[in-house]
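In: structure for the following, please:
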Amino acid sequence: QVQLVESGGGLVHAGDSLRLSCAASRLPFSVYALGWFRQAPGKEREFVATISWSGGTTYYADSVKGRFTISRDNAKNAMYLQMNSLKPEDTAVYSCAAGNRAVTTPDSYAYWGQGTQVTVSS
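Out: Numbering: from 1, shown residues only. As a prediction, the model looks like this:
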């Protein structure tokens, strides 16, 4: 059974940084595009960033562009999200996902992790 496990969330102050990790198992990791999504209480799931299988193509939501960086290490079956200059509106559960294409729509991703909570206080 495919597993995606996120880690690195926590409680930080506005302006701080966090690095999220996503570890995959039982998945041919290097052939999948990967994405980060987030969901705040009472809101719909929101696209954050995505990266192609090779790491050569990345896309970001406008709300995080210039502050967040997505990356992957296929040798370690891992993906990362470096989050800088965090804002209270970044507070959400962040989930990683694997799919066939590096796109922004959650329905295109077949595998999902359980998520990790990120809370940014003002």
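In: so residue 40 versus residue 69, what's the distance?
Out: Distance, residue 40 to residue 69, by CB to CB, to the nearest Å: 21 Å. Every residue, glycine included, has its C-beta placed from N, CA and C.
In: what's near enough to touch residue 68?
Out: By CB atoms under 8 Å, 6 or more residues apart in numbering, residue 68 lies in contact with 48, 49, 60, 81, 82, 83, 84.
In: the same query, at a cut-off of 7 Å, please.
Out: 48, 49, 60, 81, 82, 83 (CB atoms under 7 Å, 6 or more residues apart in numbering).
In: for it, give me the backbone phi and psi.
Out: Main-chain torsions, residue 68, degrees, to the nearest 10: phi -110, psi 150.
In: just residue 106 next, same as before
Out: Dihedral angles of residue 106 (phi, psi; degrees, to the nearest 10) stand at phi -60, psi -30.
In: which of the contacts of residue 68 count as buried?
Out: Neighbour-count burial (16 or more other CB atoms under 10 Å) applied to those gives 48, 49, 60, 81, 83.
In: report the central residue of this protein.
Out: residue 36 (2.5 Å; CA atoms, centre = their mean).
In: still on that earlier bit, name the nearest of the contacts of residue 68 relative to residue 17.
Out: In terms of CB to CB, no member of these lies closer to residue 17 than residue 83, at 6.2 Å.
In: and that closest one, bridged to which residues?
Out: Judged by DSSP bridges, the bridge partners of residue 83 are residue 18, residue 68.
In: check contacts around it.
Out: 17, 18, 20, 67, 68, 90.
In: now pLDDT too, for those residues, in JSON lines please.
Out: Listed next are those as JSON lines, based on pLDDT from 0 to 100:
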{"residue": "17", "pLDDT": "98"}
{"residue": "18", "pLDDT": "98"}
{"residue": "20", "pLDDT": "98"}
{"residue": "67", "pLDDT": "98"}
{"residue": "68", "pLDDT": "98"}
{"residue": "90", "pLDDT": "98"}
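In: CSV please, covering the contacts of residue 68 and showing pLDDT and distance to residue 104.
Out: Output for these, formatted as CSV (pLDDT from 0 to 100; distance: CB to CB, whole Å):
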residue, pLDDT, distance to residue 104
48, 98, 9
49, 98, 9
60, 98, 10
81, 98, 15
82, 98, 19
83, 98, 18
